[in-house]
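**Q** coords below, sequence missing:
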């Protein structure tokens, strides 16, 4: 007896409710990569982003460009957390506040979270205690901390990055290669390497 198998690529029965929720609110990774290449902003507008970090975050294309830059540094969890907090503050229904706060906590705050942000122990403890009865201000301290980290660190590097310089010069965006460099050798490179155990450590 022959059996036919049908695969539903969009359906994942094992996926948690929180993951499904975030896909609904923030889209899937495939959608994100397609929007990355569609950053359309005038050089004059892009120049304004250098005035302040707030100016950058107040512009949708600014957030998109900054997110694209953070992905090249493998630290996009910071801006994703900031965006999630901004979205969370718009909640009006108590049930919505509970569900979203739990999803944010599990995705960004708890130890070994899939996109854990860099927070001190005290801030994490305060959030962990408040999550049982969350309010719209439950993540304020953490969001402020992550904001400061981005403003004083990533934002300064973003202003010197190729992604930003291309925008202010009006050049088209090039696809960003997010692959980590391999540590393997090519044959020619390996010929010049002496047999030494230390190179593998």
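**A** Great, that's in hand. Everything quoted here is computed from the prediction, not taken from an experiment.
**Q** Quick one: residues contacting the residue nearest to residue 76 when sequence neighbours are not counted.
**A** Using C-beta to C-beta, 6 or more residues apart in numbering and skipping the chain neighbours, the partner closest in space to residue 76 is residue 70 (4.3 Å). Heads up, the C-betas are built off the backbone N, CA and C, glycines and all. By C-beta atoms under 8 Å, 6 or more residues apart in numbering, the residues touching residue 70 are 76, 78-79, 154, 158.
**Q** could you redo the last one with a cut-off of 10 Å?
**A** By C-beta atoms under 10 Å, 6 or more residues apart in numbering, the contact set of residue 70 is 76-80, 150, 154, 157-158.
**Q** For the nearest residue to residue 143 once chain neighbours are set aside, identify the helix or strand it belongs to.
**A** Spatial nearest neighbour of residue 143, chain neighbours left out: residue 85 (4.2 Å); criterion: C-beta to C-beta, 6+ apart. Following DSSP states H and E, one finds residue 85 within helix 77-88.
**Q** and if you look at residue 113?
**A** According to DSSP H and E, residue 113 maps onto no helix or strand at all.
**Q** wait, what's in contact with residue 125?
**A** By C-beta under 10 Å, 6+ apart, residue 125 lies in contact with residue 119.
**Q** May I have the secondary structure class of it?
**A** helix (DSSP: H, G, I helix; E, B strand; the rest coil).
**Q** likewise the one 3 residues further on?
**A** Under three-state DSSP, residue 128 falls in the helix class.
**Q** Could you pull up the contacting residues of it?
**A** Residue 128 touches 105, 109-111, counting by C-beta under 10 Å, 6+ apart.
**Q** Residue 88 too?
**A** Contacts of residue 88 by C-beta under 10 Å, 6+ apart are 96-97, 100-101, 103-104, 134, 136-139, 143.
**Q** Looking at those residues, state which has the most neighbours.
**A** residue 139 (28 neighbours; other C-beta atoms under 10 Å).
**Q** The residue nearest to that residue when sequence neighbours are not counted and residue 98: what is the separation?
**A** Ranked by C-beta to C-beta, 6+ apart and with sequence neighbours excluded, the top spatial neighbour of residue 139 is residue 85, at 4.8 Å. Counting by C-beta to C-beta, to the nearest Å, the gap from residue 85 to residue 98 is 16 Å.
**Q** how about low-confidence regions in the chain?
**A** For the chain, applying pLDDT under 70 flags the ranges 1-39, 171-201.
**Q** can you pull out the strands in it?
**A** When secondary structure is read from DSSP state E, the chain shows no strands.
**Q** ok, back up a step: more neighbours, residue 85 and residue 98?
**A** More crowded of residue 85 and residue 98, by other C-beta under 10 Å: residue 85, with 21 against 15.
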